[in-house]
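Colleague: Using only what follows, build the 3D model:
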Amino acid sequence: MQVRISKIISKLLVSLIPMILSTYSSAGEWKKLGNSTLQFEGRIHFGDHQNFLNLMTEDIKSIEVNSRGGIVGEAILIGEKIFDFKLDIIVNGLCLSSCANYLFVAGKKKKIKSGLVGFHGNTTAMYKQNWEGTVMDMRSEGLSPHEIEEFKIDTLKEIALEREFFKKIGVKQALFDRTQRPDMGIGDNKKYDFLVPSIKTLNSYGIYLVEGHQDLSLAKKFNFKSVYQ
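Modeller: Take a look at the predicted model:
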């Protein structure tokens, strides 16, 4: 049942983002790039935290990512280790959703090498702003009241994990609250898939030591609507 709920929620979360829908099921893969860097590409799935630890050595100093997101709890576990091990993070491609929320923000130094980092809310913001709509979506997908209640319990556990994680790394929940809204907090009444923040905006939410620039052409290439601020 947990797998069924996860699949349905994944569908709900990506239903507004066509470019992700075509590749969202691609399994993630960890591999070594030389002696000091681990590379992760693909969707963050159950087991990826352990796969990361299996390759981790004291020589590893950085993580290179190209990921459209994935399972929240698993991503938080990875993010905690990135923070604990004081690893730099390099974005080479896309780092969206859970990749941005929990991996990118956890890096010691954060380099956008040739890529784009995009945020669109998190579990805490979803529960505060969109819980009733989420329940309606789950009912329309055929979940029973018992399954919905179990999902609510899991959601509250996820919220607790997020709260402790962001407190630990010093990132403000306000970033995710604003990007949960359709206009990404811009206030122009337009609907976007992601906020692509500038270094100045990242700094304002407690995300420091960022270098590089956002490659906005990737939004067009992968057919999603983003706003840069």
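Colleague: which ones are touching the residue nearest the centre of the chain?
Modeller: To find the centre residue of the chain, average its C-alpha atoms and take the closest one (Cα atoms, centre = their mean): that gives residue 98, at 1.4 Å. By Cβ atoms under 8 Å, 6 or more residues apart in numbering, the residues touching residue 98 are 44, 67, 69-72, 75. Quick note: C-beta positions are derived from backbone N, CA and C, even for glycine.
Colleague: Would you map the helices across this structure?
Modeller: Taking DSSP state H to define them, one finds helices in the chain at 2-14, 18-21, 48-55, 72-84, 98, 123-140, 145-169, 174-179, 199-204, 217-221.
Colleague: Return the member of those having the minimum mean pLDDT.
Modeller: Note on those: helix 18-21 shows the lowest mean pLDDT, a mean of 37.
Colleague: before we move on, back to that, how near is the residue nearest to the centre of the chain to residue 77?
Modeller: Look at residue 98 and residue 77: by Cβ to Cβ, to the nearest Å, they are 11 Å apart.
Colleague: With residue 103 instead?
Modeller: 11 Å.
Colleague: And residue 152, by the same measure?
Modeller: 22 Å.
Colleague: picking up where we left off before, and residue 103 and residue 77? which has more neighbours close in?
Modeller: Neighbours were tallied for residue 103 and for residue 77 using other Cβ atoms under 10 Å; the higher tally belongs to residue 103 (27 against 20).
Colleague: Now the more buried one. Nearest residue, chain neighbours left out?
Modeller: The shortest distance from residue 103 to any residue other than its chain neighbours is 5.3 Å, reached at residue 79 (Cβ to Cβ, 6 or more residues apart in numbering).
Colleague: wait, doesn't that neighbour sit right on residue 95?
Modeller: No: shown here, residue 79 and residue 95 do not form a contact pair, counting by Cβ atoms under 8 Å, at 11.9 Å.
Colleague: Touching both of those two, which residues are there?
Modeller: Taking Cβ under 8 Å, 6+ apart as the contact definition, residue 79 and residue 95 share the neighbouring residues residue 103.
Colleague: which one of the helices of the chain lies closest to residue 114?
Modeller: The closest approach between residue 114 and any of the helices of the chain, judged by Cβ to Cβ, belongs to helix 217-221 at 9.0 Å.
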